[in-house]
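>>> Turn this into a structure:
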Amino acid sequence: MTLLRSFWLWLVAFAVVLAIAVAVNPSAPSNSTRIAHLESLVKCPACEDLSVAESNATSAIAVRHEITQDVGSGMSDNKILTTIEAQYGPQILLSPSTSGLGALLWVVPIAALVVLIAALLRLARRRRA
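Here you go, the predicted model:
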């Protein structure tokens with residue numbers, strides 16, 4: 001009984017912290033912060049597993065200039081990443097896509113967590129009975 005009660009208390013505490021984090025809206029990032037963030041998300045076209053922020057390859061420098069120009073022209077982060085992905089292909093992004101097969105990389109761990117929680121709840125109910 002105490003295991004189940006403890007679980008629910010932790011779940012409520014997590015929900016409260018999550019709600020507070022969502023409710024607090026930080027100020028809009030500066031252009032330099034946006035540029036640095038976008039550069040960390042894009043893979044260097046000529047390098048092995050380096051972002052364009054970490055690489056000094058000519059192609060990485062070209063992509064950095066493109067990101068800087070796009071941010072300066074007022075494009076959204078999503079539009080900039082979509083444009084770069086259209087030019088270089090989906091492998092240019094260091095984080096997997098949230099659509100198509102890339103969605104599996106996001107859904108499978110979440111589904112595994114849900115199954116684990118369900119199994120723990122079932123185990124707690126059996127011990128109680």
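>>> C-alpha only now, for contacts and for neighbours.
Will do.
>>> Is it correct that Ile117 falls within a strand?
No - read with DSSP: H, G, I helix; E, B strand; the rest coil, Ile117 is helix and lies in no strand.
>>> middle-most residue in this structure, spatially?
Among the residues of the chain, the one closest to the centroid is Ser95, at 7.0 Å (C-alpha atoms, centre = their mean).
>>> Return the helix or strand in which Ala60 is found as PDB; C-alpha atoms alone will do.
Secondary structure from DSSP states H and E places Ala60 in helix 58-72. As requested, the backbone C-alpha atoms of helix 58-72 are provided in PDB (Å, rounded to 0.1, in the frame of the first residue of the first chain):
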ATOM      1  CA  THR A  58      34.400  24.600 -45.600                       C
ATOM      2  CA  SER A  59      30.900  23.000 -45.900                       C
ATOM      3  CA  ALA A  60      30.300  23.500 -42.200                       C
ATOM      4  CA  ILE A  61      31.200  27.200 -42.500                       C
ATOM      5  CA  ALA A  62      28.900  27.600 -45.500                       C
ATOM      6  CA  VAL A  63      26.000  26.100 -43.500                       C
ATOM      7  CA  ARG A  64      26.800  28.400 -40.500                       C
ATOM      8  CA  HIS A  65      26.700  31.400 -42.900                       C
ATOM      9  CA  GLU A  66      23.300  30.100 -44.200                       C
ATOM     10  CA  ILE A  67      21.900  29.800 -40.700                       C
ATOM     11  CA  THR A  68      23.100  33.300 -39.800                       C
ATOM     12  CA  GLN A  69      21.500  34.800 -42.900                       C
ATOM     13  CA  ASP A  70      18.200  32.900 -42.300                       C
ATOM     14  CA  VAL A  71      18.000  34.000 -38.700                       C
ATOM     15  CA  GLY A  72      18.800  37.600 -39.800                       C
END
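>>> quick one on the thing from earlier: next, the contact list for the residue nearest to the residue nearest to the centre of the chain when sequence neighbours are not counted, please.
Spatial nearest neighbour of Ser95, chain neighbours left out: Leu41 (6.7 Å); criterion: C-alpha to C-alpha, 6 or more residues apart in numbering. Neighbouring residues of Leu41 by C-alpha atoms under 8 Å, 6 or more residues apart in numbering: Ser51, Leu93, Leu94, Ser95.
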